[in-house]
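Student: Prediction below, plus the sequence it came from.
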There are 2 protein chains.
Amino acid sequence: MNRETVNPELFPFDLIRPHIEKVEASIREQVQAFDPGVEPYMEYICDTAGKRIRPALAILTGGATGEIDENHINLGVILELIHMATLVHDDIIDGASTRRQVPTANAKWGNGMAVLLGDALFSHALRLSTEFNNLYLSRAISSASREVCQGEILQTQRRFDLTLTKQDYFKMIEMKTGALFAAACQLSAIISGTSKTVSDAMYDYGMKLGTAYQIYDDIVDLVGSEKQIGKTLGTDLEKGKLTLPILNLLERADSKQKEQLSKRIIEQQALDLPVLVGIAEYEGAMAEALQTATQTVADARATLDHLAPSEFTTAMNNITLFVDELLKGCR
Amino acid sequence: MNRETVNPELFPFDLIRPHIEKVEASIREQVQAFDPGVEPYMEYICDTAGKRIRPALAILTGGATGEIDENHINLGVILELIHMATLVHDDIIDGASTRRQVPTANAKWGNGMAVLLGDALFSHALRLSTEFNNLYLSRAISSASREVCQGEILQTQRRFDLTLTKQDYFKMIEMKTGALFAAACQLSAIISGTSKTVSDAMYDYGMKLGTAYQIYDDIVDLVGSEKQIGKTLGTDLEKGKLTLPILNLLERADSKQKEQLSKRIIEQQALDLPVLVGIAEYEGAMAEALQTATQTVADARATLDHLAPSEFTTAMNNITLFVDELLKGCR
């Protein structure tokens, strides 16, 4: 979450700073688990990829459901390593040369090396997950990891597929982004020993928050400016990824309009993409996507009723308000 | 192992056929664990990648150390899925268009899709490993998986690196090929409940066999013909991978000769590569590599003294003789 630019006091970094520092220290420690020849690559990746959102969620949920301990920290570390592995692989697939203003692994060392570095990170993360001595946790983490990969596969497979439905889109973003957010919150609650009702509610919180955040990310890809976000933008449409604003637009178009939109999406003549974004804004398809994201964040917020009041519960509420702010910034 | 062409009766497929059929059935079943949109891709990969050597080793060791049960089969399936994931990723890195005469995943669906399919296979395999309800096994499997990735990273990193030593080479092939062979045998023995002495011996068997087989594979890449092996050959040198015959040659060259060899390895003018192979054969560097592989197979064979005599122990011995035959075929 674009913490540098939007109302930073809503994002509760101060509350969890000591814990996030433990996460960072542990990530640095993980780097040393690799072969000396592999370590420097891992160090670069761990220093430059991932915004520690998943660890933040694991820690906050840990605080909101009990005492934050080593296991919450470890859960955050493992999920962040998996997330970093997917970022390294995503950057290959998208041919991205920078992420948050620094060169990507594929840009620095080529696609082959980036494939392998992601694989080693994946394996290491899943190995770490066995150290909980709790098979349920290991299994849930590898399942979430499989969900993320499958979400990405479905998305890749359906590029330029104009039969994609909004239902397909929601399923894809739930898998590719929701799954790890949901795992961070649900498994953290399970580590705290909460009731199933609470851990299920935390699953929903993470899933809704992740989904809303992904919708935001997809909107920003269409309307944001490169400088503001720090990664290459406008690439989704170019790569044939149909996201919510475009699906909204296709849904409300009559058959003649649909033909025009399809032509622009597929052929991508000069100006087709900015024109598509302009039409989506003009027709209210962008606003509708923002509305969906806002509602999804509100759904996330509602799950917090299952938690006792505490500064952590407040912080989790603030995160939803933070995403609201991000969404308002797109209007 | 090139079972179609070399003395097939030495490879004990008949003995373990019913078990290998269970492995195949289970692999087909795993395919169904994926999202319907992902399944057809996985089906293709599972049908075309992997020769089931790792499952064969898990089953044979299971038989040689006790009764073959579900767990030995599952171990074989998990290791084969990990192996298939690495093959899918290797083919991206090597830009290979066919494997065993069929198009690779990257050739069929592009690099991006192949990256993701390998990732999903990895995650699924590591998820399956949690179903042993034995954290030691899960951990050993994810460690072996990490070793394989790291071995590949080191190899990729040191392409065209003329300072590579034979020690570096052995370390790399132990990681990239030995680790999964060793895991198949060692963990299978552990599943059977053997003493540590026996499971350690089985680790050594797998490690030595895998290492010898990799040396063979590297030799064949230099001297084999495409038709015989069913994958694109001669690619190692072209990609700057320095394998044992070339390292032997570099070791015995005087400084003037070394300069000549280095020039051919780095510049790769027309005919440089066949000439390098010719010199390696002429100077006995190829024969020395074959000798090393033969000795390594003999070391694998010696570990079998720790097993009680049985048809499975005989079969494991026959596998070493099978590799001997493969090596003789290179002379």
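Tutor: Thanks, I have it. Numbers count the residues shown, from 1 in each chain, chains lettered A, B, ... in the order given.
Student: Please count neighbours and contacts with C-alpha atoms only from this point.
Tutor: Will do.
Student: so where's chain A uncertain?
Tutor: A:1-11, A:225-234 (pLDDT under 70).
Student: what do you get if the cut-off is 50, keeping everything else the same?
Tutor: A:1-6, A:226-227 (pLDDT under 50).
Student: all strands for it, in order.
Tutor: Remark: strands assigned in chain A by DSSP state E are A:98-99, A:102-103.
Student: The ones you listed: which one's closest to A:L126?
Tutor: strand A:98-99 (24.6 Å; CA to CA).
Student: so where do the helices sit in the stretch 1-150 of chain A?
Tutor: A:13-31, A:39-48, A:53-65, A:70-94, A:105-129, A:135-157 (DSSP state H, counting those that start in this stretch).
Student: For the first one, buried residues please.
Tutor: Read it as helix A:13-31. A:16, A:19-20, A:22-24, A:26-27, A:30-31 (16 or more other CA atoms under 10 Å in any protein chain shown).
Student: swap in the fifth one?
Tutor: Neighbour-count burial for helix A:105-129, with 16+ other CA under 10 Å as criterion, is recorded at A:105-107, A:111-129.
Student: just checking, what packs against it?
Tutor: helix A:39-48, helix A:70-94, helix A:135-157, helix B:70-94, helix B:105-129, helix B:135-157 (3 or more CA pairs under 8 Å, 6 or more residues apart in numbering or on different chains; DSSP states H and E).
Student: Turn the ones you listed into a markdown table, columns for distance to B:S195.
Tutor: What follows is the helices and strands packed on helix A:105-129, written out as a markdown table (distance: least, CA to CA, whole Å):
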| stretch | distance to B:S195 |
| --- | --- |
| helix A:39-48 | 35 |
| helix A:70-94 | 33 |
| helix A:135-157 | 25 |
| helix B:70-94 | 17 |
| helix B:105-129 | 22 |
| helix B:135-157 | 15 |
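Student: looking at the ones you listed, which is closest to B:S188?
Tutor: Nearest to B:S188, of the helices and strands packed on helix A:105-129 and by CA to CA, is helix B:70-94 at 5.9 Å.
Student: That closest one packs against which elements?
Tutor: Counting by 3+ CA pairs under 8 Å, 6+ apart, helix B:70-94 packs on helix A:105-129, helix B:13-31, helix B:39-48, helix B:53-65, helix B:105-129, helix B:135-157, helix B:179-192.
Student: Can you give the contact residues for the shortest one?
Tutor: Right, helix B:39-48. B:27-28, B:31-33, B:84, B:88, B:99-100, B:102, B:105, B:117 (CA atoms under 8 Å, 6 or more residues apart in numbering or on different chains).
Student: picking that back up, tell me which of the helices and strands packed on helix A:105-129 lies nearest to B:E251.
Tutor: Of all the helices and strands packed on helix A:105-129, helix B:135-157 comes closest under CA to CA, at 18.9 Å.
Student: any idea how far A:A253 is from A:E259?
Tutor: 9 Å (CA to CA, to the nearest Å).
Student: So which of the strands of chain A is the most surrounded?
Tutor: strand A:98-99 (a mean of 18; mean count of other CA atoms under 10 Å in any protein chain shown).
Student: Run the chain-centre distance for that strand.
Tutor: 16 Å (CA atoms, centre = their mean, to the nearest Å).
Student: same thing with stretch A:108-119?
Tutor: 21 Å.
Student: Could you do stretch A:74-86 as well?
Tutor: Using CA atoms, centre = their mean, the offset of stretch A:74-86 from its chain centre is 12 Å.
Student: Count the neighbours of the residue of the stretch 201-331 of chain A found nearest chain B for me.
Tutor: The nearest approach of the stretch 201-331 of chain A to chain B comes at A:K239, 11.9 Å away (CA to the nearest CA). A total of 14 residues lie near A:K239 under the criterion other CA atoms under 10 Å in any protein chain shown.
Student: Phi first, then psi, for A:A49.
Tutor: phi -110, psi 140 (degrees, to the nearest 10).
Student: count of residues packed around the nearest residue in space to it that is not next to it in sequence?
Tutor: Take A:A49 and drop its neighbours on the chain: the residue closest to it by CA to CA, 6 or more residues apart in numbering or on different chains is A:M84, 5.8 Å away. By other CA under 10 Å, the residues close to A:M84 number 22.
Student: Is A:M84 in contact with A:I53, as I believe?
Tutor: No: with contacts counted by CA atoms under 8 Å, A:M84 stays clear of A:I53, the gap being 11.5 Å.
Student: ok, the residue in the stretch 101-250 of chain A that chain B sits nearest to - contacts?
Tutor: Per CA to the nearest CA, the residue of the stretch 101-250 of chain A with the smallest distance to chain B is A:G112, at 4.5 Å. Counting by CA under 8 Å, 6+ apart, A:G112 touches A:106, B:92-94, B:156.
Student: Tell me the spacing between it and B:D90.
Tutor: For A:G112, the distance to B:D90 - CA to CA - is 8 Å.
Student: do the same with A:D218
Tutor: 32 Å.
Student: Between the two, point out the one with more neighbours.
Tutor: Neighbours per residue, other CA under 10 Å: of A:D218 and B:D90, the larger number sits with A:D218, 23 against 20.
Student: how about the more buried one, what does it touch?
Tutor: A:D218 touches A:236, A:243-244, counting by CA under 8 Å, 6+ apart.
Student: Looking at these, spot the one nearest A:Q295.
Tutor: When those are compared against A:Q295 (criterion: CA to CA), the nearest one is A:L244, at 14.0 Å.
Student: so that closest one makes contact with A:D168?
Tutor: No: at 10.5 Å, A:L244 and A:D168 do not qualify as touching, with contact defined as CA under 8 Å.
Student: between these two, which one's more packed in?
Tutor: A:L244 (24 against 14).
Student: count of residues packed around the residue nearest to that one when sequence neighbours are not counted?
Tutor: Among residues not flanking A:L244 along the chain, A:A289 sits closest, at 5.9 Å (CA to CA, 6+ apart). If you count neighbours by other CA under 10 Å, A:A289 ends up with 24.
Student: Equivalent analysis for A:Q295, please.
Tutor: Neighbour number of A:Q295 under other CA under 10 Å is 15.
Student: Would you mind giving both backbone torsions of A:A253?
Tutor: phi -80, psi 140.
Student: so how far is A:E267 from it?
Tutor: 18 Å.
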